[in-house]
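>>> Sequence first, predicted coordinates after that:
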Amino acid sequence: MKHRRIPRRRAALAGAGVAALIAAGITLQTANAEDGTGTPTPDALSVAQAGKLASSLDKELGANGAGTYYDAKSRHLVVNVLDDGAAKTVESAGAKARVVENSLAKLKSATATLSDKASIPGTSWATDPASNKVVVTADRTVKGERLAKLDKVVKQLGGAVELRRTKGEFKPFIAGGDAIYGGGSRCSLGFNVVKDGAPHFLTAGHCTEAVSSWSDQQGGQPIGENAGSSFPDNDYGIVKYSGDTPHPSEVNLYNGSTQKITKAGEATVGQEVRRSGSTTKVHGGKVTGLNATVNYGNGDVVNGLIQTDVCAEPGDSGGALFAGDTALGLTSGGSGDCSSGGETFFQPVPEALQAFGAEIG
């Protein structure tokens, strides 16, 4: 297949297909080594292997499982459980077990309460398996009566919830400038895909809700028209390219090279990831939470997001979150910048692909 690249100063280009982050298979069996106490030593796993093992253990443990995350340093899958019996099941499968207090049902109930009683602009929350809590974050705009209300709800939920502050302000990362342009706004192209045999690209829904036609230069000729959009609640949009020329399934690394994308997958807490966007180029970090809810300051609420410590700035909206050749997310918004840090939220790619019936090009 021949590919044509968009001219320079373009958004991150990539392709994505619906494939779970379980490319490598592993056999569930008793670990061969022990740590001297009779406890099996956890297996060293890739993220893909850990993803498959986590999926298998989630089914096997049922209500006795309380979440998983990947320890990138040790390369171990860590599984939260509620009792010693479940811990033995986890250890015999090659993962590391932690007996914790809060069940997934309790954490889910806490997020429901937050949605019902604390949907305050400038707040977000996500389940953090590492702390076994729902972590609520309030940005700098949450103060006075709103902060008091939030603090009261958090305290009522007890040990299942933790409140943190961030110095920045939660907002969608859209701005006037370069990359993909429309209606005086700038966003970043996320992943090139194919829908109904024709070339399209994914970007953020808050971009496509505001703009219908996109160019790769300010005031330039259109390169595509919106073909679908979902925002708020979700944050994904799809644009159909003008013409039938295929586009490369790759992410721009802004150093003269690209990262080929062969599939889409689900993010894992603790996973090391990178983000490419038109304002701040390429930055890396880790996934810190899944199924996050963010209440942007303008009143828009988006659910089911990937939460990370990767920085981003206005204009990076819609850009690619990826790990190796796997597409993970589309930049939605967050707080902070790439000089001081902050939190950034991403719309999962597999959900967008399924919604639009799109796949890797």
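In hand now; what should we look at? Numbering: from 1, shown residues only.

>>> Low-confidence ranges, the stretch 201-350 of the chain, go.
For the stretch 201-350 of the chain, no stretch has pLDDT under 70.

>>> Break down it into its helices, ranges please.
Assigned by DSSP state H, counting those that start in this stretch, the stretch 201-350 of the chain shows helices spanning 205-208, 349-356.

>>> Residue 84: what's it in contact with?
Shown in contact with residue 84 (C-beta atoms under 8 Å, 6 or more residues apart in numbering): residue 99. All C-beta atoms are positioned from the backbone trio N, CA, C, and that covers glycine.

>>> just for the stretch 51-200 of the chain, where's the confidence low?
When residues are selected by pLDDT under 70, those of the stretch 51-200 of the chain lie in 174-178.

>>> Could I get the full set of strands for it?
Residue ranges of the strands in the stretch 51-200 of the chain, as given by DSSP state E, counting those that start in this stretch, are 65-71, 76-81, 96-99, 123-128, 133-138, 161-165, 171-172, 180-182, 185-187, 191-195, 198-203.

>>> and those as TSV, adding mean neighbour count and distance to residue 238?
Listed next are those as TSV, based on neighbours: other C-beta atoms under 10 Å; distance: least, C-beta to C-beta, whole Å:
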stretch	mean neighbour count	distance to residue 238
strand 65-71	23	30
strand 76-81	25	34
strand 96-99	18	40
strand 123-128	25	25
strand 133-138	23	30
strand 161-165	16	34
strand 171-172	24	17
strand 180-182	23	13
strand 185-187	27	13
strand 191-195	26	7
strand 198-203	25	5
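
>>> Dump these into TSV; add distance to residue 49 as well.
TSV is the format used below for the strands of the stretch 51-200 of the chain (distance: least, C-beta to C-beta, whole Å):
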stretch	distance to residue 49
strand 65-71	10
strand 76-81	8
strand 96-99	14
strand 123-128	22
strand 133-138	27
strand 161-165	30
strand 171-172	35
strand 180-182	36
strand 185-187	35
strand 191-195	24
strand 198-203	27
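
>>> Quick one: closest of these to residue 214.
Nearest of those to residue 214, taken as C-beta to C-beta: strand 180-182 at 4.7 Å.

>>> Could you name the helices and strands sitting against the closest one?
Identification of packing neighbours for strand 180-182 by 3 or more C-beta pairs under 8 Å, 6 or more residues apart in numbering; DSSP states H and E yields strand 213-215.

>>> Run the chain-centre distance for the strand it packs on.
25 Å (C-alpha atoms, centre = their mean, to the nearest Å).

>>> how about residue 282, what does it touch?
Residue 282 sits next to 253, 254, 255, 274, 275, 276 when contact means C-beta under 8 Å, 6+ apart.

>>> What is the neighbour count of the closest residue to the second one other than its chain neighbours?
The shortest distance from residue 254 to any residue that is not its chain neighbour, by C-beta to C-beta, 6 or more residues apart in numbering, is 4.0 Å, and that residue is residue 281. Here the count is done by other C-beta atoms under 10 Å, and residue 281 has 16 residues near it.

>>> Residue 281 touches residue 256, doesn't it?
No. At 12.0 Å, residue 281 does not count as touching residue 256 under the criterion of C-beta atoms under 8 Å.

>>> and residue 80, how far is that from residue 41?
Distance, residue 80 to residue 41, using C-beta to C-beta, to the nearest Å: 19 Å.

>>> what's across from the closest residue to residue 50 other than its chain neighbours in the sheet?
In space, and not counting its chain neighbours, residue 50 is closest to residue 77: 4.1 Å by C-beta to C-beta, 6+ apart. Bridge pairing for residue 77 (DSSP bridges) gives the partners residue 70.

>>> surely residue 77 meets residue 98?
No. With contact defined as C-beta under 8 Å, residue 77 and residue 98 do not form a contacting pair (11.1 Å).

>>> List the backbone torsions phi and psi for residue 47.
Here is the backbone geometry of residue 47 (degrees, to the nearest 10): phi -60, psi -40.

>>> Next, work out how far apart the residue nearest to residue 50 and residue 58 are.
With C-beta to C-beta as the criterion, residue 77 and residue 58 are 11 Å apart.

>>> list residues touching both of these two?
residue 68.

>>> so who does residue 89 touch?
Residue 89 is in contact with 57, 60, 61, 81, counting by C-beta under 8 Å, 6+ apart.

>>> Filter those residues down to the buried ones.
Burial by neighbour count, judged by 16 or more other C-beta atoms under 10 Å, picks out 57, 61, 81 from those.

>>> Is the closest residue in space to residue 87 that isn't next to it in sequence bridged to anything, and to what?
Once flanking residues are discounted, residue 87 sits nearest to residue 97: 3.7 Å by C-beta to C-beta, 6+ apart. Residue 97 has these beta-bridge partners by DSSP bridges: residue 79.

>>> residue contacts, residue 97?
Contacts for residue 97 (C-beta under 8 Å, 6+ apart) come out as 78, 79, 81, 86, 87, 88, 90, 91.

>>> now do 6 Å
Residue 97 makes contact with 79, 81, 87, 90, 91, according to C-beta atoms under 6 Å, 6 or more residues apart in numbering.
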